[in-house]
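Here is a sequence with its predicted model. Questions after.
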Amino acid sequence: MIREEEARAQIIETIRPLPARRVPMLKALDCFAAQDCFARFPLPNFDNSAMDGYAVVASACRAGSRLQIVGEQPAGEDRQLRVSQGEAVRIFTGAPIPAGADAVIMQEDVTRDGNEIIANVDIDQGEFLRRRGCDLSEGQKTLGKGDRIRSVTLALLASQGVEEIEIGGEVRASLITTGDELVTAGQPLQLGQIYESNSTLLRALFERCGAVSESVQHCTDHSEVLIAALKVAVTNPILVIAGGVSVGEHDLVQSALRSLGAKIDIWRVAVKPGKPFLFGRLGECAIFGLPGNPVSAFVTFLRFVRPAVLKMMGASDSALELPKIPARLDVDLTNDGERTHYFRGRLEQGKFKPVGRQESHALFGLSQSNALLRLQPGAKLARGATIDVQIWDWT
């Protein structure tokens, strides 16, 4: 049985990013940049007004000063106006600053008197004036290779006139669930049977990662059925098998994979829940065998499958981890076992509390949680302790 950290590091080291692709900007949301991007233009691209008001020479604009209005500059085409001492140009937010002006006085701070204004306050040089390049310099890095492309990132790129962007490859995943006891929704249950839920859970997790789970199959506990499904599934770059990876007589996944020539690199990991975990390869396909219990499948997906998917998509190393947030523990917790334990719980108002039964089948408690607390073997934490929790409900 391998340590969790070793298993994770080995998996990430094995995975290679898929070939990059070029897509329209809006198709890149939540994907990862395949190259560094740099500003083509400064932001703003010209000196402009931060307010509706009047462009003036600050030294000539003091409380009580009377200034002659010599023109108007709306946002849009630069009318090439000029301001001198004792003059003002009516100006609007975002409009180019006339030559000679070095400040803007807000319209609320003046009294209009025909073609003149009377300043009601003193203003300083540079007031309400946005200088060229004050936000972004030409040539400045706007996006790093491996960075996630967020909605605000798209806005920044759009400000540079970018129409398309190169992103990491699209991950197409296969999913196989196993077990004679599992029944598809809509079918009647017989004694000893339960409805199959892992495919729904894992497809949703794939989608949250940005992967496409386009091949989904359920197999009974028969070798020939499983082998036939595996032959189809391994045509995608990633395959997740839920169930059948333990050591019982009906756990057929290992033998089926080996019969097809798969190399099994990892078998059993010191993590709770999720010990019966498998990782291997068959050709270009990375194969993950997850436990059949839904909570175990959930935890092992987040710890091992998710970072592999993100790396295939071109994510940087720092983007592979779940977000961590400091919190105060709301109960006493102890890990008396020999495996790292992931407690499922809820983070609310800066406090974390485990939710429901901390057992591998307890789906209701999992459904009420939004965070994980990692507790090392032998560790004890007292109520009120400051901890870091991993937010799995990350969007």
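Okay, I see it. These numbers come from a predicted model, not from an experiment. Numbering: from 1, shown residues only.

what ranges of this protein fall below the confidence cut-off?
Where the chain drops to pLDDT under 70, the residues are 247-250, 394-395.

how's it carved up into domains?
The chain breaks down by automatic domain parsing into domains covering 2-17+169-319, 21-43+134-167, 48-130, 324-391.

measure the longest one end to end?
Distance between the two ends of domain 2-17+169-319: 24 Å, counting by C-alpha to C-alpha, to the nearest Å.

before we move on, what about stretch 83-97?
Counting by C-alpha to C-alpha, you get 9 Å between the two ends of stretch 83-97.

Number the residues from 892 up from this point.
Yep, numbering from 892; the last one is stretch 974-988 now.

So which residues lie in contact with that stretch, not counting its own?
Applying C-beta atoms under 8 Å, 6 or more residues apart in numbering, the set of residues contacting stretch 974-988 from outside is 937-948, 950-952, 958-967, 969-970, 972, 989-992, 995-996, 1008, 1020. Every residue, glycine included, has its C-beta placed from N, CA and C.

Show the buried residues in those.
The neighbour count (16 or more other C-beta atoms under 10 Å) marks 938-940, 942-948, 951-952, 958, 960-962, 964, 972, 989, 992, 995-996, 1008, 1020 as buried among the contacts of stretch 974-988.

so of these, which ones are in strands?
Among the buried ones among the contacts of stretch 974-988, the residues falling in strands (DSSP state E) are 939-940, 944-947, 958, 960-962, 964, 995-996, 1008, 1020.

out of those residues, which one sits closest to Ser1209?
Using C-beta to C-beta, Asn939 comes nearest to Ser1209 of these, at 35.7 Å.

Okay, and the beta partners of that closest one?
Beta-bridge pairing for Asn939 (DSSP bridges): Pro987, Arg1021.

Then Ile1009?
Listed by DSSP bridges, the beta-bridge partners for Ile1009 are Arg957, Thr1002.

Next up, the contacts around it.
If you count contacts by C-beta under 8 Å, 6+ apart, then Ile1009 has Gly955, Ser956, Arg957, Leu958, Val1001, Thr1002 around it.

Of those - the most surrounded one?
Tallying neighbours with other C-beta atoms under 10 Å puts Leu958 at the head of the contacts of Ile1009, with 23 neighbours.

What's the separation between it and Glu1018?
Distance of Leu958 to Glu1018, computed by C-beta to C-beta, to the nearest Å: 15 Å.

Just list whatever residues bridge to the nearest residue in space to Val1125 that is not next to it in sequence.
Once flanking residues are discounted, Val1125 sits nearest to Cys1176: 4.1 Å by C-beta to C-beta, 6 or more residues apart in numbering. Beta bridges link Cys1176 to Leu1173 when assigned by DSSP bridges.

neighbours of Cys1176, just the number please.
When neighbours are counted by other C-beta under 10 Å, Cys1176 registers 18.

what's the answer for Ile903, then?
If you count neighbours by other C-beta under 10 Å, Ile903 ends up with 15.

Kindly list the main-chain dihedrals of it?
Main-chain torsions, Ile903, degrees, to the nearest 10: phi -60, psi -40.

sorry, back to before: could you point out the member of the ones in strands among the buried ones among the contacts of stretch 974-988 that lies closest to Arg1237?
Asn939 (47.0 Å).

Correct me if wrong: the closest one contacts Arg1021.
Yes - with contacts counted by C-beta atoms under 8 Å, Asn939 reaches Arg1021, the gap being 5.1 Å.

Show the residue spans covered by the helices in this protein.
Per DSSP state H, the chain carries helices over the ranges 895-905, 1042-1049, 1089-1100, 1114-1124, 1144-1150, 1185-1191, 1197-1203, 1254-1258.

The longest one: how far from the chain's middle?
With C-alpha atoms, centre = their mean, to the nearest Å as the basis, helix 1089-1100 stands 15 Å off its chain's centre.

Quick one: list the elements packing against it.
The helices and strands touching helix 1089-1100, judged by 3 or more C-beta pairs under 8 Å, 6 or more residues apart in numbering; DSSP states H and E, are strand 1063-1069, strand 1103-1110, strand 1129-1133, helix 1185-1191, helix 1197-1203.
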